[in-house]
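**Q** Below is the sequence, then the predicted model.
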Amino acid sequence: MATNPNGASTAADARTGDDFARSDRVFTLLLVAVCAGYLLLLLAMLAADAAYLGTAKPAGDGGSALLSALRDPNIRHSIHLTLVSCTITTILSLLVAIPIGYLLSRAKFRGKSLVDSLVDIPIVLPPLVVGLSLLILFQYAPGWLRERVVYQVPAVILAQFVVASAFAIRTMRATFDQIDPRREQVALTLGCSRWQAFGWIVMPETGPGLIAAATLAWARSLGEFGPLLVFAGATRGKTEVLSTTIFLELSVGNLQGAVAVSLLMIGAAVVVLTVTRVGAGRRLML
């Protein structure tokens, strides 16, 4: 019996195409299932927090558990200190992230890989190690400086800064890497100084990356806990911020207050991350 080579080839191609299509569908369904499962876990956690807070009976003069927690002067103080310290930390982080990120992106020098690794140390170190290292460092500082920093408000800002600046530096370096250096070279050949080329050519292009670095630094400062607990302490009405408020409320058995503060931090984090995604677009490199 004769076989049509062309017909056999066409049938084989059709089977191969069906196999690839089936494989693509299975692969896509697997990706969707993993993504959906993870998102459901996150949403279930948030829904559980909200449900608990909605059904819990607030202590005091009534109202919702969230409002009852917000009436607590200690929590109001922690909110104020959190907003102030995170904002100051963000500004300080940008002041070091811009020059360091630019240096690592443009300059070539011996030991660059080592410097690049050193600035990432706060990202990979356990948070408690960062706080302990700061505490040990200030044991060698003059007494007057140690008394004004350790377990004081400056310790809150310094502990947040050490960690948040590493994320800001990483983001700014990725931003500078995406800016074509030929524009700077053209500006330099036309008589601009390095300062002028940097300020007039490079910085206007860093808008989305700058937003990303700032929001990441702010969000990282908001969630910092370990270094603060070791280096700044968690003194009510003094060095207490939202992250340590949760710890303090749990330590006294006030689960409602801890959940209320947690929801406040979640809401702030969602706002910050949304601003990052919208403002930074595709330039956010993590």
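**A** Received, thanks.
**Q** For stretch 159-177, what does the pLDDT average out to?
**A** Stretch 159-177 shows a mean pLDDT of 93.
**Q** Could I get the buried residue list for it?
**A** Under the neighbour-count criterion of 16 or more other C-beta atoms under 10 Å, stretch 159-177 has 159-176 buried. For every residue, glycine as well, the C-beta is placed using N, CA and C.
**Q** cool, and stretch 253-271?
**A** So stretch 253-271, judged by 16+ other C-beta under 10 Å, has buried residues 254, 256, 257, 258, 259, 260, 261, 262, 263, 264, 265, 268.
**Q** do stretch 236-252 as well
**A** Using 16+ other C-beta under 10 Å as the test for burial, stretch 236-252 gives 239, 240, 241, 242, 243, 244, 245, 246, 248, 249.
**Q** what is the rounded mean pLDDT of that stretch?
**A** The pLDDT scores in stretch 236-252 average 88.
**Q** could you dump it to PDB, C-alpha only?
**A** What follows is stretch 236-252, C-alpha atoms only, in PDB (Å, rounded to 0.1, in the frame of the first residue of the first chain):
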ATOM      1  CA  ARG A 236       6.000  53.800  75.100                       C
ATOM      2  CA  GLY A 237       5.600  57.400  74.300                       C
ATOM      3  CA  LYS A 238       9.300  57.700  73.300                       C
ATOM      4  CA  THR A 239      10.800  55.400  70.700                       C
ATOM      5  CA  GLU A 240       7.600  53.400  69.900                       C
ATOM      6  CA  VAL A 241       6.700  53.100  66.200                       C
ATOM      7  CA  LEU A 242       4.000  51.100  64.600                       C
ATOM      8  CA  SER A 243       6.000  48.000  64.100                       C
ATOM      9  CA  THR A 244       7.000  47.900  67.800                       C
ATOM     10  CA  THR A 245       3.500  48.900  68.800                       C
ATOM     11  CA  ILE A 246       2.300  45.500  67.500                       C
ATOM     12  CA  PHE A 247       4.900  43.800  69.700                       C
ATOM     13  CA  LEU A 248       4.000  45.800  72.700                       C
ATOM     14  CA  GLU A 249       0.200  45.200  72.300                       C
ATOM     15  CA  LEU A 250       0.800  41.500  71.900                       C
ATOM     16  CA  SER A 251       3.000  41.400  75.000                       C
ATOM     17  CA  VAL A 252       0.100  42.800  77.100                       C
END
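**Q** Could you pull up the residues touching the nearest residue to residue 177 once chain neighbours are set aside?
**A** In space, and not counting its chain neighbours, residue 177 is closest to residue 105: 5.1 Å by C-beta to C-beta, 6 or more residues apart in numbering. Residue 105 is in contact with 173, 176, 177, counting by C-beta atoms under 8 Å, 6 or more residues apart in numbering.
**Q** Closest one of the buried residues of stretch 236-252 to residue 95?
**A** Comparing these against residue 95 with C-beta to C-beta picks out residue 241 as the nearest, at 21.4 Å.
**Q** check contacts around that closest one.
**A** For residue 241, the contact set (C-beta under 8 Å, 6+ apart) comprises 78, 81, 82, 85, 156, 228.
**Q** who wins for most neighbours among those?
**A** residue 156 (30 neighbours; other C-beta atoms under 10 Å).
**Q** Check whether that residue really touches residue 232, as I assumed.
**A** Yes: contact status for residue 156 versus residue 232: in contact at 4.5 Å, counting by C-beta atoms under 8 Å.
**Q** so what sits against both of the two?
**A** residue 239.
**Q** chain center to the lowest-mean-pLDDT helix or strand in the chain, what's the gap?
**A** Lowest by mean pLDDT, DSSP states H and E among the helices and strands of the chain is helix 65-70, with a mean of 72. With C-alpha atoms, centre = their mean, to the nearest Å as the basis, helix 65-70 stands 27 Å off its chain's centre.
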